[in-house]
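Participant: The following block contains a protein sequence and its predicted model.
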Amino acid sequence: MAADPRKLHRFHGGLVLDGHKAESLARPLREASLPPRLYLPLKQHIGDQNLPLVEVGNRVLKGDVIAASASLICAPVHAPTSGIVRAIEPHPVAHPSGQADLCIVVDVDGEDAAAPAEPVDIAKFEPAELIEKICRAGIVGLGGAAFPTSPKLSRARAHRVETLIINGVECEPYITCDDILMRNRADEMLRGVGYLQQILAPGTTLIAIEDNKPEAIAAIARALAAASLPQTEIVTVPTIYPAGGEKQLIQILTGREIPHGQLAFDIGLLCHNVGTCVAIARAFEHGEPLLSRIVTISGDNVAAPANFEARLGTPIAHLIELAGGYLDADSVHLVMGGPMMGFSLASDAVPIVKASNCILAMRDETIPRALGPHDECIRCGKCTEVCPASLLPQQLYWHTRARSFERTREYHLFDCIECGCCSAVCPSRIPLVQYYRAAKSEIRAAEHAQYRSDRARARFEFRERRLALKQQHEEERRRQKREALKRKREGDAAAAPAPDPVQAALERVKARKQRATQDELS
Ligand code: SF4
Ligand code: SF4
């Protein structure tokens, strides 16, 4: 099927960047060998923390659930292969903070023995049940954001999804995992799209692919011609960064902007990454949870850039070795993600997680590290010209520097998609996006602290009220008891017989005599 002639729209700003895609696409997709040990962070998604379901010494099989949570915004973690749980301990993970996090460490036994799988006969299940199965498979958005797929689908179903958008744009330099997935797994990807269509019943499905991926477009077009997907089109979009951002892609395809404070499904749209569609197809057809993902290993400091299907938990060092090793081991700057939106990693001991679409091994001097020395803003306005979110990056910069966080909100800091366009064009080399990330983290931390303190205060006040009520209740009970006793005594007194007057007179005489005798003795 030829590319669709659909009318496309433009978003504000953006940049045309050197793609650096050819380096990793020069080699075929390879399955990475199993490393001796896997490090599986308990939390590999946006949302709530999982708890470990295994203990040190347990044997796990490929596909066993090893960490989960009862929360709605979560995705369980499964053992990517068989082995023995060696430890549950802090280990360096892929996070901008560089801090360690709790990981389940599995000594791989090399057998790759799998737990019994349960493929899903989708004709037998309601959409809500299929979403539950996606949840149990631990599937998250594989475009890099790692938001759990099931709550996204549930919320979208509560609205009417007019247009389902399958995102194969992959606009950031160096990253080619989606491109190679579409070239190699077009049929499987479209079957995943079909399952999403069954769940969501969208009016139209648009598969968006950038025009710098002709092989992927051809592969999907061939597969689509053989598939029977209703109202499904391939749309070729121009190569401009960040066309793959959800808001930007929606604008390109529909001309619509997501209003501030709303999400795509609020206006009848839903985006899913191509890798997520493959993960859904595998979960339904093979009963296979999310155990691996395709990762691009590239950069100017790795000998043989390539894409690998790697088990989750594989240390980056293992993949770098498979890609021929570092060209200059003394000058390594590792980045997870691309050069625009990625973040630096402290070491190659960090494991691959569900969000790891790309690992860049750069020479230290190629990518500037986070906040460092730079020149002052010269108010040239270039950052504003390129901002795809139509923000005012210069003002955001001043307010983040001045820590005027209320003002950053007025300038819609949280609409910033951290694309890095502003930093890339700034003649003063100000790492603007790093300032915004730092400010967002600080604001979120303050909000979280405020939330915790509000909850603690509410708990304290509730306890105080409960104790006061209890005391009131006790006092009332004692008062009622006293009154009951009093009434009883009064009742007893009223019921007693009247005294005998003769006997009373005798008693009085007797008492007088006793007093007289005592007086004489004294
Ligand atoms: S591009 Fe840099 S120097 Fe120019 S206005 Fe923006 S922050 Fe200032
Ligand atoms: S990083 Fe944020 S402020 Fe800078 S160009 Fe991108 S969206 Fe705009």
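Facilitator: On my side now, so go ahead. Numbers count the residues shown, from 1 in each chain. Ligands and ions are numbered 1, 2, ... in the order given.
Participant: Ligand 2 contacts on the stretch 301-450 of the chain?
Facilitator: 386-389, 391, 393, 416-422, 432-433, 436 (Cβ under 6 Å from any ligand atom). C-betas here are computed from N, CA, C, even on glycine.
Participant: typo on my end, the chain
Facilitator: Near ligand 2, when you scan the chain using Cβ under 6 Å from any ligand atom, you find 386-389, 391, 393, 416-422, 432-433, 436.
Participant: Which one of those residues sits in the busiest neighbourhood?
Facilitator: Ranked by neighbour count under the definition other Cβ atoms under 10 Å, these are headed by Cys422 with 31 neighbours.
Participant: what number of residues lie near Asn307?
Facilitator: A total of 28 residues lie near Asn307 under the criterion other Cβ under 10 Å.
Participant: just checking, it touches Thr176?
Facilitator: Yes: the criterion here is Cβ atoms under 8 Å, and Asn307 meets it with Thr176 at 6.1 Å.
Participant: Overlap in contacts, these two.
Facilitator: 24-25, 296 (Cβ atoms under 8 Å, 6 or more residues apart in numbering).
Participant: For ChimeraX, what selects the buried ones among those residues?
Facilitator: Selection of the buried residues among these in ChimeraX, burial being defined by 16 or more other Cβ atoms under 10 Å:
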select :24,25,296
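Participant: Adding pLDDT, secondary structure and distance to Leu51, write the shared contacts of Asn307 and Thr176 out as a markdown table.
Facilitator: As requested, the shared contacts of Asn307 and Thr176 are exported to a markdown table (pLDDT from 0 to 100; DSSP: H, G, I helix; E, B strand; the rest coil; distance: Cβ to Cβ, whole Å):
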| residue | pLDDT | secondary structure | distance to Leu51 |
| --- | --- | --- | --- |
| Ser24 | 98 | helix | 37 |
| Leu25 | 98 | helix | 40 |
| Thr296 | 98 | strand | 32 |
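Participant: okay, the shared contacts of Asn307 and Thr176 in CSV with distance to Thr236 next?
Facilitator: Formatted as CSV, these follow (distance: Cβ to Cβ, whole Å):
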residue, distance to Thr236
Ser24, 22
Leu25, 18
Thr296, 22
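Participant: ok, so of the shared contacts of Asn307 and Thr176, who is nearest Ser154?
Facilitator: When the shared contacts of Asn307 and Thr176 are compared for distance to Ser154 (Cβ to Cβ), Thr296 wins out at 30.8 Å.
Participant: Surely the closest one is in contact with Ile352?
Facilitator: No: using Cβ under 8 Å, Thr296 is not in contact with Ile352, being 11.3 Å away.
Participant: anything in contact with each of the two?
Facilitator: With Cβ under 8 Å, 6+ apart as the test, Thr296 and Ile352 both reach Ile359.
Participant: that older thread, in helices only, show me the residues of the stretch 301-450 of the chain next to ligand 2.
Facilitator: 386, 393, 421-422, 432-433, 436 (DSSP state H).
Participant: Low-confidence stretches in the stretch 251-400 of the chain?
Facilitator: Applying pLDDT under 70 to the stretch 251-400 of the chain flags the ranges 368-372.
Participant: how about the helices in it?
Facilitator: Using DSSP state H, counting those that start in this stretch, the helices found in the stretch 251-400 of the chain span residues 274-286, 316-322, 382-386, 393-401.
Participant: just the stretch 1-150 of the chain next, same as before
Facilitator: Assigned by DSSP H, counting those that start in this stretch, the helices in the stretch 1-150 of the chain fall at 22-25, 127-136, 149-158.
Participant: Would you mind putting those helices into TSV with distance to Leu506 alongside?
Facilitator: Shown next, in TSV, are those (distance: least, Cβ to Cβ, whole Å):
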stretch	distance to Leu506
helix 22-25	123
helix 127-136	95
helix 149-158	95
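Participant: wait, which of those helices is closest to ligand 1?
Facilitator: Ligand 1 sits nearest to helix 22-25 of all the helices of the stretch 1-150 of the chain, at 29.4 Å, using Cβ to the nearest ligand atom.
Participant: Using PDB, list the CA coordinates for the closest one.
Facilitator: Extracted C-alpha coordinates of helix 22-25, given in PDB (Å, rounded to 0.1, in the frame of the first residue of the first chain):
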ATOM      1  CA  ALA A  22      22.600   4.200   9.600                       C
ATOM      2  CA  GLU A  23      25.200   3.100  12.200                       C
ATOM      3  CA  SER A  24      23.000   0.700  14.100                       C
ATOM      4  CA  LEU A  25      20.900  -0.300  11.100                       C
END
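Participant: ok, and what's touching it?
Facilitator: 174, 176, 179-180, 296-298, 305-307.
Participant: do stretch 428-443 as well
Facilitator: Under the contact criterion Cβ under 8 Å, 6+ apart, stretch 428-443 has outside partners 96, 368, 370-372, 374-378, 383, 393, 396-397, 400-401, 403, 405, 408-409, 413-414, 416, 418-420, 422-423, 426.
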